[in-house]
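> Here is a sequence together with a model predicted from it:
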Amino acid sequence: MSAIKGENAPGAAARRAFLAWASEYWADVPPGYAAAMSARRDPRGLTMPPGRRIPRPSPPRVTRPAPPSEEGPVPDVAKSGGELAALAAEIRGCRECGRDGSSCAFGSGYPRAPLMLIKERPGPEDLRTETAWADEAPSIARALDRLKVPFSWTYGTTVVRRGDQPATDDQLKSCAAHLLVEIEAVEPVVVVAFGPRVLQALTYLDGRCGLSVGEVEQGRPQRVRDDLLLLVTEPVPEGVTIPDSKRRLWRDLQELPALLGLTS
C-alpha cells in the first residue's frame, strides 16, 4: 500500500493548526525581538524576553543541626561510643579515689552530644541504675524543652562515679583524669558545670589537651579552648529542689540556645 501524502496525510490537520497559531503569534512580536533573545542567552542555554529575568534556584537555607538520628551511627559516633565503652570498663575496675561502693554511675546520652552536663557525684537513683543523671533527668529535660534544646543533644556525667557522699579534693583530682577522657571522646560544644566542685575538678585539667580553665564566674560563659565553652551554674540536687537555687539555675541555662547556635 502506498503512503498517504498531501493534505489528507495523518496529522496534516494538526500541522495546519499549529502553523496558523504560529503565524498569529509571530505577527505580534515587536521588531528586534529575535536579536534581543539571542543577546540575552544564559550560560545554561536559556533565553528570556526583554524585561524578564531567567529564573535561578534560590540558595540553600542554613538550618540548625538536626537532633542525633537513631538510623545508625556515623563513623565519629561509633568511635566515640567505643572510647566511652572502654572508659566505662576502666572506671568499673578503678579504686584510685578510695570511694566506697560497688556500683558506679556511668555517663549517659548521645556519644557526640554538643552539650555535656557534669555534676559532682551520683545520686541514689544514678547508682541504682548505674546511669548518671537518672535522679535529675526529668527536671533538666523539662528545662531544656522550654529552651527548645533537644534533650537528645545532651550527654550527662559525674566527676566521681561511686558513692553519693560529697567528694573530697583528692577524690575530685583522682577522678578528673577520667573526666578528661570523656570530654575528649564526646567533643561537646558546651560543658555545663553544675556547682563549684565541678569547676574545681576542671581546674585540675588546666593545661591538659589545650584546656585553660582559670577563673570562671557563675552564669557567664567562658571559652576554655577554641572549640569548647564552659558555663558554671548551680549544683544539683539543690538546683532542682531548692526554690532560690532553681531560679538561678534557670537563669543560667537560658544562655544555652545562643551558645549552641539555636537562636537566629
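Done, it's in. Numbering: from 1, shown residues only.
> so V191 makes contact with L231?
Yes: the criterion here is CB atoms under 8 Å, and V191 meets it with L231 at 7.3 Å. C-beta: built from backbone N, CA, C; applies to glycine.
> would you say M116 is within a strand?
Yes: applying DSSP: H, G, I helix; E, B strand; the rest coil, one finds M116 inside a strand.
> what's across from it in the sheet?
Y155, V191 (DSSP bridges).
> That one: what's it in contact with?
T154, Y155, G156, T157, E182, I183, V186, P188, V190, V191, V192 (CB atoms under 8 Å, 6 or more residues apart in numbering).
> Against Q254, how distant is P221?
11 Å (CB to CB, to the nearest Å).
> G109 now?
21 Å.
> Contact partners for L117?
Here L117 is in contact with W133, I140, T154, Y155, G156, T157, V192, F194 (criterion: CB under 8 Å, 6+ apart).
> all strands of the stretch 1-150 of the chain, in order?
For the stretch 1-150 of the chain, the strands defined by DSSP state E, counting those that start in this stretch cover 108-109, 115-119.
> and the ones you listed, which is most packed in?
Most buried of those by mean neighbour count (mean count of other CB atoms under 10 Å) is strand 115-119; its value is a mean of 26.
> What average pLDDT does it get?
On average, the pLDDT along strand 115-119 is 98.
> what do you get for stretch 88-96?
Stretch 88-96 comes out at a mean pLDDT of 92.
> pLDDT wise, what is the nearest residue to W133 once chain neighbours are set aside at?
Once flanking residues are discounted, W133 sits nearest to G156: 3.6 Å by CB to CB, 6 or more residues apart in numbering. Here, the pLDDT recorded for G156 equals 97.
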